[in-house]
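**Q** Need coordinates for the below:
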Amino acid sequence: MLRIAYYWAEQTQFSMNSKTQSILIGGLVAAVTGTIVQVASYFSGASDPTNPQQIMGMIFGLIGCMVMLTSGLVAVWHYTTENELTLTGGEGVGIGSLAGIVYAVVGLALAWLLILLNILPSPQETMDMIRESGAFDAPGAEQGMVFAEMMVTWGGPAMAIVGGILMGLIGGAIGAALFKHGKEEIGIEGE
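**A** The predicted model follows:
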């Protein structure tokens, strides 16, 4: 997948600077990979809110977090490799957070496309599954229902954007520490 995105970026006739290109590649690779993980989670039953075996849901959640990290890692790797340079941690954080935004926006668009194609359940279908499970029948469950509705509707996308930014910037910082090319200046100016 990275090879396809890299080839597309090399073949485009658009004139975009390499930083923008790296941010787009990192975000797009992570978004497509994250969407594949989301679909696999749904079809395996791990994301079913009525599933009593929550361990698979946790495993897919951890995989999703690792995919979010890759947005920043791939963006920084691509930028440092193409330009043969070493980034500071702050530069890596900046590139990673922007790649995380691209990841979140494209990932949400792909998820909504899959909902429109009836591949993934809509927010209303998800809430209906939770209601049918009897999860809200217990006394005092109204608060849980309000929270679940919030997460299924606007809370999930908001968390995807915030999570994409945070995990992208962490991935960017890790990438800046890992991918070093060219000369690195060490020391204090004036010595």
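**Q** got the buried residues for the helix or strand Ala160 falls within?
**A** Element membership of Ala160, judged by DSSP states H and E, is helix 156-178. Applying a neighbour-count criterion of 16 or more other Cβ atoms under 10 Å, one finds 157, 160-161, 163-176 buried in helix 156-178. Heads up, the C-betas are built off the backbone N, CA and C, glycines and all.
**Q** likewise stretch 20-37?
**A** Quick answer for stretch 20-37 (16+ other Cβ under 10 Å): 21-35, 37.
**Q** I'd like to know how far Val29 sits from Thr20.
**A** Computed as Cβ to Cβ, to the nearest Å, the Val29 to Thr20 distance reads 15 Å.
**Q** and if you look at Asn118?
**A** 35 Å.
**Q** Ala99 now?
**A** 10 Å.
**Q** Same question for Trp77.
**A** 16 Å.
**Q** Then Ser97?
**A** 14 Å.
**Q** same deal with Met167?
**A** In terms of Cβ to Cβ, Met167 sits 20 Å off from Thr20.
**Q** And Asp128, by the same measure?
**A** Taken as Cβ to Cβ, the span from Asp128 to Thr20 is 42 Å.
**Q** Low-confidence bits of the protein, can you list those?
**A** By pLDDT under 70, the low-scoring segments of the chain are 1-16, 49-50, 134-145, 147-148, 151-152, 182-191.
**Q** give me that answer again for 90
**A** 1-18, 38, 41-58, 60-61, 64-65, 82-89, 112, 115, 120-160, 180-191 (pLDDT under 90).
**Q** Let me know how buried Gly100 is, in neighbour terms.
**A** Residues lying near Gly100 (other Cβ atoms under 10 Å) number 32.
**Q** need the contact list for the closest residue to it other than its chain neighbours.
**A** In space, and not counting its chain neighbours, Gly100 is closest to Gly168: 2.0 Å by Cβ to Cβ, 6 or more residues apart in numbering. Residues in contact with Gly168 (Cβ atoms under 8 Å, 6 or more residues apart in numbering) are 26-27, 30, 68-69, 71-72, 75, 96-101, 103.
**Q** let's see 7 Å
**A** Met68, Ser71, Gly72, Gly96, Ser97, Ala99, Gly100, Tyr103 (Cβ atoms under 7 Å, 6 or more residues apart in numbering).
**Q** Phi first, then psi, for the last one.
**A** In terms of degrees, to the nearest 10, the main-chain angles of Tyr103 are phi -60, psi -50.
**Q** correct me, but it touches Val32?
**A** No: using Cβ atoms under 7 Å as the test, Tyr103 is too far from Val32 to be in contact (9.6 Å).
**Q** how about the strands in this protein?
**A** Secondary structure of the chain (DSSP state E): no strands present.
**Q** Spatially nearest residue to the residue nearest to the spatial centre of it (excluding sequence neighbours)?
**A** Centroid-nearest residue in the chain, with Cα atoms, centre = their mean: Met68, separated by 3.4 Å. Of all residues not flanking Met68 in the chain, Met167 sits nearest, at 3.4 Å (Cβ to Cβ, 6+ apart).
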